[in-house]
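Undergrad: Whatever this is, show me its structure:
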Amino acid sequence: MKCDEIRERMPDVAAGFCELTTEDSNHLASCGGCAAKLKEMRATMALLDEWKTPEPSPYFDVRLQARLREEIAKPRQAGWMHWFRRPVLAAALTVVMGVGIGLYVARTPENPLPPPAPGSAVSDLQTLENNHEMYADFDLLDELEVQQNVVANP
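TA: Model (predicted):
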């Protein structure tokens, strides 16, 4: 558990933000893994301290300002299609169109579905649903099978 505690504080210790306690120093002396990890972190921090950020080219600001002036001076496109280049307005238009289409569909009468073909699974399910009381009594079904066997085998 002590290794976890020390490894949690290692970046701060390696960067010099806090000092090691006597207990931490004793643990580092006895634990070679933690000592090696701290040494690696200190080497990494030393490399990061030496690193210099690259300077932008001397003409960067001049070119950026020229490009901004060009973009501002461009004529705006006329017509209704330029609205689609603005994402918020395009999203709002999409929502309005969706609501309008939804209201239109909700107001039109629903077309009834054509009746299922006889002998299909849907028609069989509808027959079972309509005649639930008759088919709920299994004794009647058994009698029906017996009657069919008698008629089939005279």
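
Undergrad: helices and strands of the chain: which one has the lowest mean pLDDT?
TA: helix 138-152 (a mean of 61; mean pLDDT, DSSP states H and E).

Undergrad: element containing the residue nearest the centre of the chain?
TA: Nearest to the mean C-alpha position of the chain, by Cα atoms, centre = their mean, lies Ala91 at 19.4 Å. Per DSSP states H and E, Ala91 falls inside helix 87-107.

Undergrad: thinking again about what came up before, from Gly100, how far off is the residue nearest to the centre of the chain?
TA: Applying Cβ to Cβ, to the nearest Å, the value for Ala91 to Gly100 is 15 Å. Bear in mind the C-beta positions are built from the backbone N, C-alpha and C, glycine included.

Undergrad: repeat for Gly32
TA: According to Cβ to Cβ, Gly32 stands 72 Å off from Gly100.

Undergrad: before we move on, what about Asp4?
TA: The gap separating Asp4 from Gly100 is 60 Å, by Cβ to Cβ.

Undergrad: ok, now Ala29?
TA: As defined by Cβ to Cβ, Ala29 lies at a distance of 76 Å from Gly100.

Undergrad: neighbours of Leu28, just the number please.
TA: 20 (other Cβ atoms under 10 Å).

Undergrad: so what's it up against?
TA: Shown in contact with Leu28 (Cβ atoms under 8 Å, 6 or more residues apart in numbering): Ile6, Leu20, Cys34, Ala35, Leu38.

Undergrad: In terms of helices and strands, where is it?
TA: Using DSSP H and E, Leu28 falls in helix 22-30.
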